[in-house]
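# The sequence and its predicted three-dimensional model are supplied below.
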Amino acid sequence: MTLDLNFVRSQFPAFSEPSLEGWAFFENAGGSYPCLQMVNRLTDFYMKNKVQPYYPYPASAQGGKLMDESYKRMAKYLNVKPSEIHFGPSTTQNVYVLANALRPMWNDGDEIIVSCQDHEANAGAWRRLEDRGIKVIEWHVDSATGLLSAETLRQLFSDRTKMVAYPHCSNIIGQINPSREINQMAHEHGAIAVIDGVGYAPHGFPDLKHLEADIYMFSLYKTFGPHLGLMYLSTDLMGKMENQAHFFKQGITRNMFTPAGPDHAQVASVNGILDYFDALYDHHFDEDANSAQKNNALRRLFRDHETVLLEKLLDFLRSRNDVQILGSDQTIDRLPIVSIIPKSKTIQEVYDALTDQHLMLGFGHFYAVRPLMDMDIHLDPGVLRMSFVHYTSPAEVDQLIEGLKLALG
């Protein structure tokens, strides 16, 4: 099965927006284009249902129903229970709440392992627990490649290890970590596994039951939706965590770990992401399937398309002796998040030249300061990052390669 790119791109308003014509977008790891279905859902909610939800009058009742549908449908796609899905303001905020909710479960001197490959959203709040009696064990990346080693992790466990926090995929290295293996290793030592999926989820939602995850988080604004952070918490773990909401919310799982309260319109608009995925599945496949099966099929479809484009980009970069590629230069266990450091020109010079070629990229540390520190890479200016998803076209990758040729000289 080949991805129908014309159909895909017809579902995203950005590709028919005159002001964006001719520009190729390669900063998807910072935030994706929203799909049409989500935009319509959000607009409709603001026009028709922007009242306090769950009262019996029609506008309110419909608003609550739409929110409930988002929890239920997302849970089906991720292969978990609706009560295990939480929508918070951002992944960073969700982690801060989690750190406070989990701390009472642990004793002074207990240990948590925190990877040095993470976006700081899944690192900073955990490390602050060191000021509250928890010992933080660093899981460092390889200083040359930026990769994490499961064998290195194995040596870090002790009889006091309570948690392992790491990224499913680095947002700057692009490595896909063996999440199921790591989670099982944590469980063997009586620890929970906290996975930052912000870099992974834009390339296909995970099957959380298969991963055997305890906590999994990603950003919906990077997966074609609204600016919310999604958080999965296993039922068993929630029963042990401390309520972080108002005292009368105790036992109401949807509220206990999102004390800010839900953004009603944005929660309801999450349905739009799943409307898009349903439409994409129906367009490409004839077989009836449940949501989890659709998700697995779409993930494979996305990955096949992205890998072809990634190989083309990496093949070009491998041919150059004037760039350093962070991480692996092969597509195996890698997603299309490619960071480079020019050797003959400054990042700013290359970046400015790429912008002149109507290429939208990013540079800096992207809050992944710890892998850069482990690799002895200066945080300022950091690295030049190129990231794309399934709606990216071969022509756009060609535009990027031609732009790099001109920019690098």
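Done, it's in.
# Angles on the backbone of M360, please.
phi -100, psi 110 (degrees, to the nearest 10).
# Can you tell me the number of residues neighbouring it?
Residues lying near M360 (other Cβ atoms under 10 Å) number 15. Using the backbone N, CA and C atoms, a C-beta is placed for each residue, glycine as well.
# And stretch 115-123, end to end?
8 Å (Cα to Cα, to the nearest Å).
# avg pLDDT for it?
Average pLDDT, stretch 115-123: 92.
# Can you name the next helix or strand after the longest helix along the chain?
Ranked by residue count and defined by DSSP state H, the top helix of the chain is helix 291-318. With elements assigned by DSSP states H and E, the helix or strand that comes after helix 291-318 is strand 323-325.
# what packs against that following strand?
Here strand 323-325 touches helix 291-318, strand 337-342, going by 3 or more Cβ pairs under 8 Å, 6 or more residues apart in numbering; DSSP states H and E.
# List the buried residues in the longest helix of the chain.
With burial defined by 16 or more other Cβ atoms under 10 Å, the residues of helix 291-318 counted as buried are 291-299, 301-303, 305-307, 309-310, 313-314, 316-317.
# helices and strands around that helix, which ones?
On a contact count with 3+ Cβ pairs under 8 Å, 6+ apart, helix 291-318 meets helix 58-78, helix 264-284, strand 323-325, strand 337-342, helix 394-408.
# Could you look over these and pick the most buried one?
Mean neighbour count (mean count of other Cβ atoms under 10 Å) peaks for strand 337-342 among the helices and strands packed on helix 291-318, with a mean of 24.
# Next secondary structure after that one?
Trace forward from strand 337-342 with DSSP H and E and the next one is helix 347-356.
# Restrict that next one to CA atoms and write it as CSV.
The C-alpha atoms that make up helix 347-356 are tabulated as CSV, following Å, rounded to 0.1, in the frame of the first residue of the first chain:
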residue,chain,number,x,y,z
ILE,A,347,24.7,27.7,11.3
GLN,A,348,23.3,31.2,10.9
GLU,A,349,24.8,31.5,7.4
VAL,A,350,23.4,28.2,6.3
TYR,A,351,20.0,28.9,7.9
ASP,A,352,19.7,32.3,6.3
ALA,A,353,20.5,30.8,2.9
LEU,A,354,17.9,28.1,3.4
THR,A,355,15.3,30.7,4.3
ASP,A,356,16.0,32.5,1.1
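# I figured S60 was touching K50, is that so?
No: the criterion here is Cβ atoms under 8 Å, and S60 misses it with K50 at 10.1 Å.
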